[in-house]
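Trainee: here's my sequence, what's the structure:
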Amino acid sequence: MKGSAGALENPILSYSYGYNKFSQPVGPDRQKFGIMQPLPWLGLLGARKNAAALNADADYQSFLAEELATVYAVKSAYYEYYYVAKQLALTSESFNLMRQFEEVIRTRYQAGLAMHPDLIKAQLELGQMEEMIRSMEQMLLPAKARILALLNLPQDARLPEPIAPAISEVQFSTDSLVSVAERNSPSLSSISKQIESRQAEVSVVKKMSYPELMLGIEYERATLLNDMTFEEETMNEYMLTVQLSLPIWFGKNRAMRDAARARVRMSEFMHQEERNEIASMIAMANFEYVDALRKLRLYQYGLIPKAKEALDVSITSYQSGQIDFLMLLDAQRQLFDFELTAERAKVDAATKIAELEMITGTRLVLNSNR
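Mentor: Numbering: from 1, shown residues only. Down below sits the predicted model:
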């Protein structure tokens, strides 16, 4: 694009012929060949080339923004795929544990140490969990399909088992992330380059209102009949041609300049709007990232260990007849819910980091904690 913008326009080739009915009644007796090269005002080609280069840079930054958006979409889809798979694994573990409970209750019931409602409750819980497992197995299919579609892979391609995302313990201030985005965001850079390109177009429009020079050469070949000797004679002539355009439509030229300046102002407004939008998106994504980290720490290091301890105590207490099966079931459900909430927080934190990387255009430093 830069090369074509800085090149001269194509030369103009002309050909004409004619005859003089008085000197030669039959056939053409004059032929004229000409070639004309338009020469724009000094600096116009350079201004066009500069505008085209800046416009190409803006397009490239837009491409980088699309690339970051694609990376974010793939990461987000992968994390959701992991969550569904982890949800299935946790449900299967709870199902196996509940099946052990059901066997213990069945044995105790046969020995007269457990009530029949406890056995029914355990069997109902097993049925519900079995249905959840089937549903989650079906949920894996669209999760896989989304990843394959984003990667442009055939739908029958196999995906490896998902692994837990790396979670950062680092927290970022919103102001620092906005500063990083102002320096590295491809979407902002694209609009900045667009502003520079349109400012260069103002210079192009100004120079287009100046006269344009055209240089050329013409060759004329004429066959004439000599009135004295009645013999044909050939005449060859070469002529240098100079033409100059007259940009006298001042209203049109002024309107073109005003339109070019208006496009610059529009791009400047777009840049400010994009910056404000990026700052808003960063503030929300950073808040959600910090909130997800807080939940992850709370459940992973506080509630889940206590829920496991409570479940162990409940199992022992139930076996000794100190509590009923409903309390044991509540303890098991609570641990399952806490584990799911922790995995959801882990996925949310990783997704928000990926979103912040997309917005800022920068790879954020992560500490790998699985």
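
Trainee: which parts of the helix or strand Val313 falls within are buried?
Mentor: Here Val313, judged by DSSP states H and E, is contained in helix 304-319. For helix 304-319, burial by neighbour count (16 or more other C-beta atoms under 10 Å) applies to 304, 307, 310-311, 314-315, 318. Yep, even glycine has a C-beta here, placed from its N, CA and C like the rest.

Trainee: tell me the spacing between the residue most central in space within the chain and Tyr72.
Mentor: Nearest residue to the geometric centre of the chain (C-alpha atoms, centre = their mean): Glu66, 2.4 Å. Going from Glu66 to Tyr72 by C-beta to C-beta, to the nearest Å gives 11 Å.

Trainee: can I get the helix holding Val313 in CSV, CA atoms only?
Mentor: Output of helix 304-319 as CSV, limited to C-alpha atoms (Å, rounded to 0.1, in the frame of the first residue of the first chain):
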residue,chain,number,x,y,z
ILE,A,304,-12.9,-26.7,52.8
PRO,A,305,-10.5,-28.1,55.4
LYS,A,306,-13.1,-27.4,58.1
ALA,A,307,-15.9,-29.0,56.0
LYS,A,308,-13.7,-32.1,55.5
GLU,A,309,-13.1,-32.2,59.3
ALA,A,310,-16.8,-31.8,59.9
LEU,A,311,-17.6,-34.6,57.5
ASP,A,312,-15.1,-37.0,59.2
VAL,A,313,-16.6,-36.1,62.6
SER,A,314,-20.1,-36.7,61.2
ILE,A,315,-19.2,-40.1,59.9
THR,A,316,-17.8,-41.2,63.2
SER,A,317,-20.7,-39.7,65.1
TYR,A,318,-23.2,-41.4,62.8
GLN,A,319,-21.5,-44.8,63.2
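
Trainee: so that it lines up with my notes, have the first residue be 29 from now on.
Mentor: Done: numbering now begins at 29, and the last item shifts to helix 332-347.

Trainee: Gln328: neighbour count?
Mentor: Neighbours of Gln328 under the rule other C-beta atoms under 10 Å: 19.

Trainee: for it, give me its contacts.
Mentor: Ala370 (C-beta atoms under 8 Å, 6 or more residues apart in numbering).

Trainee: then Glu383?
Mentor: Counting by C-beta under 8 Å, 6+ apart, Glu383 touches 100, 104, 309, 313.

Trainee: let's verify it: helix, strand, or coil?
Mentor: In three-state terms, and counting by DSSP: H, G, I helix; E, B strand; the rest coil, Glu383 is helix.

Trainee: can you map out the strands along the stretch 229-378 of the chain?
Mentor: 241-253, 260-272 (DSSP state E, counting those that start in this stretch).

Trainee: out of the ones you listed, deepest packed?
Mentor: Highest mean neighbour count among the strands of the stretch 229-378 of the chain (mean count of other C-beta atoms under 10 Å): strand 241-253, with a mean of 15.

Trainee: returning to what we had before: gap between the residue nearest to the centre of the chain and Pro239?
Mentor: From Glu94 to Pro239 the distance is 43 Å (C-beta to C-beta).

Trainee: circling back to that earlier point, for the helix holding Val341, name the packing helices and strands.
Mentor: Judged by 3 or more C-beta pairs under 8 Å, 6 or more residues apart in numbering; DSSP states H and E, the packing partners of helix 332-347 are helix 353-388.

Trainee: can you name every helix or strand that the strand or helix carrying the residue nearest to the centre of the chain contacts?
Mentor: Take DSSP H and E as the rule and Glu94 turns out to sit in helix 72-138. If you count contacts as 3+ C-beta pairs under 8 Å, 6+ apart, helix 72-138 packs onto helix 30-33, helix 144-178, helix 214-236, helix 353-388.

Trainee: let's have the strands of the stretch 229-378 of the chain in JSON lines, adding distance to Gln89 and mean pLDDT.
Mentor: Formatted as JSON lines, the strands of the stretch 229-378 of the chain follow (distance: least, C-beta to C-beta, whole Å; pLDDT from 0 to 100):
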{"stretch": "strand 241-253", "distance to Gln89": "37", "mean pLDDT": "76"}
{"stretch": "strand 260-272", "distance to Gln89": "41", "mean pLDDT": "76"}
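
Trainee: dump the ones you listed to a markdown table, plus distance to Leu187.
Mentor: Shown next, in a markdown table, are the strands of the stretch 229-378 of the chain (distance: least, C-beta to C-beta, whole Å):
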| stretch | distance to Leu187 |
| --- | --- |
| strand 241-253 | 65 |
| strand 260-272 | 68 |
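
Trainee: name the residues contacting each of Glu94 and Tyr100.
Mentor: Here Glu94 and Tyr100 have no joint contacts, going by C-beta under 8 Å, 6+ apart.

Trainee: okay, the closest residue to Ile343 other than its chain neighbours and Leu154: tell me how far apart.
Mentor: Counting by C-beta to C-beta, 6 or more residues apart in numbering, Leu356 is the residue found nearest to Ile343 once chain neighbours are left out, at 6.6 Å. Counting by C-beta to C-beta, the separation of Leu356 from Leu154 is 14 Å.
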